[in-house]
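1. missing the sequence, but the structure's below:
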């Protein structure tokens, strides 16, 4: 409404050109529909389909759920040239990584190759990223192993241990698919960037330490992942150390680090770094074969049988004794895999100015993990290292995953036995170099400079993983992030506004110390929804602001007569919040202080009108479009009041 005089009197000079619309209403069904749409469909994926014929709408919806139908009809030989190069390049990386990460999870090495064959084919059909390369990841491999081996040690029952990995992959797939179908990707948002940075850094640290087993040629090792247990195990079994394995491992490390250094110096030679792990496997295998390394302190992988993935659907285990472990492992590793895969896909898409759909990615990950659990695969996602290589190799579409899968198929059919002589120390070297890049010390320092609380969240994840368990580290960091979010909700920021630029603009006086206060008027900005959680705090904060302003005004020989609440940042309000505003009005009214509201949003205005707060308590004439209008009205009311007092005298 326009500027108004005190006690509801209005004068011609107080009339405002623009008024707040207090009659706007939003039907309940429409309000719920809008809320659900903004929560679960913020990207409005089916916009524009409503005006098309039924067949076109059906085809558009099908293309949304099967992205391959979008790019495949426009696929050209020119694009295939780039995808072929990228696919062969990432296949050379997938072979050693697949074997390495399977060993990291205490699984047969061939399972790592199986997991790089079927899932990439499905991702090429259902995935929305042109840059993501599918495969196993170290963090999820170790997380799955740390959870499952507490229930079933791999040494005691390797078959059941493997079956639980398949079952965990099945539950991961179901969980990820459900998240995508029901548009619940917001759950992944609870893994903040700080949490992921700390968790990945901590996981990389313990993975590097665990590779000392392979580097030293040891046969026995602790199943635990914490730093103390790992170091105790290394020195407890020091009689198993083999100098031959250590020397060979150091040589492999130097070669891999040299290839990474070469990539940084000459980015065009990125392919050298990409194929370096494969070359290490080949060189190490030839060396171990020639010198009979398994007889001279250089343990090898062992037999790898030829053939494509056997069906494993009959091996899924749903017995009461073990299903909880599989569900827990599937849920936690699924969340972690989604966070990494979607984050990698989004970051690479930004470089090419492309867009990926997080919910599509969840469905794609879910489908490929369900199918993988039926075909002797364990959890797969979009690892950073392989995806980065795919990106730099010039991939154009998800067809690069198909090329990689075909390469793995050829290896499984014809070349798998040749990897029998791969030294375990070669795999350990590959893992160590891959993990070094995940310990982002610069990011830690950046967080410390920019946001100390984010740094604490990061360090809780890092320290929790390194000194306790991966689950404890992840849970503690997520818990601290949630506490921080709840603190922001329960203790929202309010600020006092002062005038700048001649009184037309009002800004926070702490941010702009030169901003001038308005005599007799206190302007407060509320910058969050008003709920039952923060209503009490806001009441006390507003009254405290008013008391401090009142005391300061008396020192200057003036009285505080108006409190203006800027509600532009209040997106919603509940019944407790309305009750809080009523209490504030009563408290200030007893002191002769009037409340004015400015720029309330539609959802807030509707509830304040229906509750009678605006009409029956503060009056419609005290609701304004801008703070400037409110100040003008307050000054006009003060002048009218003083004129009346002077006339009476």
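-> It's in. Source: prediction; values computed, not measured.

2. Show me the strands in the chain, by range?
-> With DSSP state E as the criterion, the chain has strands at 494-500, 505-508, 521-526, 562-566, 594-598, 623-624.

3. nearest to residue 77, of those?
-> Checking the strands of the chain against residue 77 by CB to CB gives strand 505-508 as the closest, at 59.0 Å. For the C-beta atoms, the positions are set from N, CA and C on the backbone; glycine is no exception.

4. Mind listing the strands the closest one pairs with, and their directions?
-> strand 494-500 (antiparallel) (DSSP bridges).

5. sorry, back to before: which of the strands of the chain sits most buried?
-> Most buried of those by mean neighbour count (mean count of other CB atoms under 10 Å) is strand 623-624; its value is a mean of 27.

6. Tell me which other helices or strands that strand touches.
-> Counting contacts by 3 or more CB pairs under 8 Å, 6 or more residues apart in numbering; DSSP states H and E, strand 623-624 is packed against strand 594-598.

7. Give me the residues contacting the strand it packs on.
-> 6, 561-568, 581, 584-585, 588, 608, 614, 618, 622-627, 629-630, 633-634 (CB atoms under 8 Å, 6 or more residues apart in numbering).

8. Where helices are concerned, which of those residues count?
-> Among the contacts of strand 594-598, the ones falling in helices (DSSP state H) are 581, 584, 585, 588, 608, 627, 629, 630, 633, 634.

9. Going by distance to residue 122, which of those wins?
-> Closest approach between these and residue 122, by CB to CB: residue 608, at 52.0 Å.

10. Spatially, which residue comes closest to that closest one, not counting chain neighbours?
-> residue 614 (4.9 Å; CB to CB, 6 or more residues apart in numbering).

11. what's the distance between that neighbour and residue 226?
-> Applying CB to CB, to the nearest Å, the value for residue 614 to residue 226 is 60 Å.

12. so who does residue 534 touch?
-> For residue 534, counting by CB under 8 Å, 6+ apart, the contacting residues are 489, 490, 491, 492, 528.

13. if I look at the third one, how far off is residue 533?
-> The spacing between residue 491 and residue 533, counted by CB to CB, is 9 Å.

14. circling back to that earlier point, quick check: of the ones in helices among the contacts of strand 594-598, which lies closest to residue 447?
-> residue 627 (36.1 Å).

15. The closest one touches residue 566, doesn't it?
-> Yes: at 5.7 Å, residue 627 and residue 566 qualify as touching, with contact defined as CB atoms under 8 Å.

16. Mutual contacts of these two, please.
-> 497, 506, 523, 598, 599.

17. Now those in TSV, please, with extra columns for pLDDT and distance to residue 361.
-> Below are those laid out as TSV (pLDDT from 0 to 100; distance: CB to CB, whole Å):
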residue	pLDDT	distance to residue 361
497	92	43
506	89	43
523	94	46
598	94	42
599	91	38
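
18. In TSV, list those along with distance to residue 368.
-> TSV is the format used below for those (distance: CB to CB, whole Å):
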residue	distance to residue 368
497	53
506	54
523	56
598	53
599	49
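
19. wait, which of the residues you listed is closest to residue 329?
-> Among those, residue 599 lies closest to residue 329 (CB to CB), at 50.5 Å.

20. what's the closest non-adjacent residue to the closest one?
-> Using CB to CB, 6+ apart and skipping the chain neighbours, the partner closest in space to residue 599 is residue 568 (4.4 Å).

21. what's around the one you found, how many residues?
-> Applying other CB atoms under 10 Å, we find 15 residues neighbouring residue 568.

22. tell me the pLDDT at it?
-> Turning to residue 568, the model gives it a pLDDT of 89.

23. Please apply the same query to the one 5 residues further on.
-> Residue 573 is assigned a predicted lDDT (pLDDT) of 94.

24. pretty sure residue 402 is touching residue 87, no?
-> Yes: look at residue 402 against residue 87 with CB under 8 Å: they come within range, at 6.9 Å.

25. Of the two, which one has the most company?
-> Higher neighbour count among residue 402 and residue 87: residue 87, with 26 against 19, using other CB under 10 Å.

26. State the distance from the nearest residue to that one once chain neighbours are set aside to residue 134.
-> Distance criterion CB to CB, 6+ apart; nearest residue to residue 87, sequence neighbours excluded, is residue 403 at 2.4 Å. Distance of residue 403 to residue 134, computed by CB to CB: 12 Å.

27. same thing with residue 159?
-> Residue 159 is 27 Å from residue 134, by CB to CB.

28. And residue 165, by the same measure?
-> Note on residue 165: its distance to residue 134, by CB to CB, is 17 Å.

29. again with residue 535
-> 48 Å.

30. The two: which has the busier surroundings?
-> Between residue 535 and residue 134, counting by other CB under 10 Å, residue 134 is the more crowded of the two (33 against 21).

31. Which residues are in contact with the more buried one?
-> Residue 134 is in contact with 116, 119, 120, 123, 127, 368, 380, 381, 382, 386, 401, counting by CB under 8 Å, 6+ apart.

32. what are the phi and psi angles of it?
-> phi -90, psi 140 (degrees, to the nearest 10).

33. which residues touch residue 577?
-> Shown in contact with residue 577 (CB under 8 Å, 6+ apart): 529, 530, 531, 532, 535, 538.

34. at 7 Å instead, please
-> Applying CB atoms under 7 Å, 6 or more residues apart in numbering to residue 577 gives the contacts 530, 531, 535.

35. how near is the last one to residue 581?
-> When distance is defined by CB to CB, residue 535 is 9 Å away from residue 581.

36. ditto for residue 642
-> Distance from residue 642 to residue 581, by CB to CB: 29 Å.

37. circling back to that earlier point, need the contacts of residue 577 in TSV (columns: distance to residue 257 and pLDDT).
-> Output for the contacts of residue 577, formatted as TSV (distance: CB to CB, whole Å; pLDDT from 0 to 100):
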residue	distance to residue 257	pLDDT
530	56	93
531	53	90
535	58	93
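
38. So which of the residues you listed are in helices?
-> Using DSSP H, the members of the contacts of residue 577 that fall in helices are residue 535.

39. Contacts only, for residue 317.
-> Residue 317 makes contact with 163, 164, 167, 326, according to CB under 7 Å, 6+ apart.

40. before we move on, the earlier item: which among the ones in helices among the contacts of strand 594-598 gets closest to residue 81?
-> residue 627 (61.1 Å).

41. show me the contacts for the closest residue in space to that closest one that isn't next to it in sequence.
-> Distance criterion CB to CB, 6+ apart; nearest residue to residue 627, sequence neighbours excluded, is residue 506 at 4.8 Å. Contacts here follow CB under 7 Å, 6+ apart; on that basis residue 506 touches 497, 498, 499, 523, 627.
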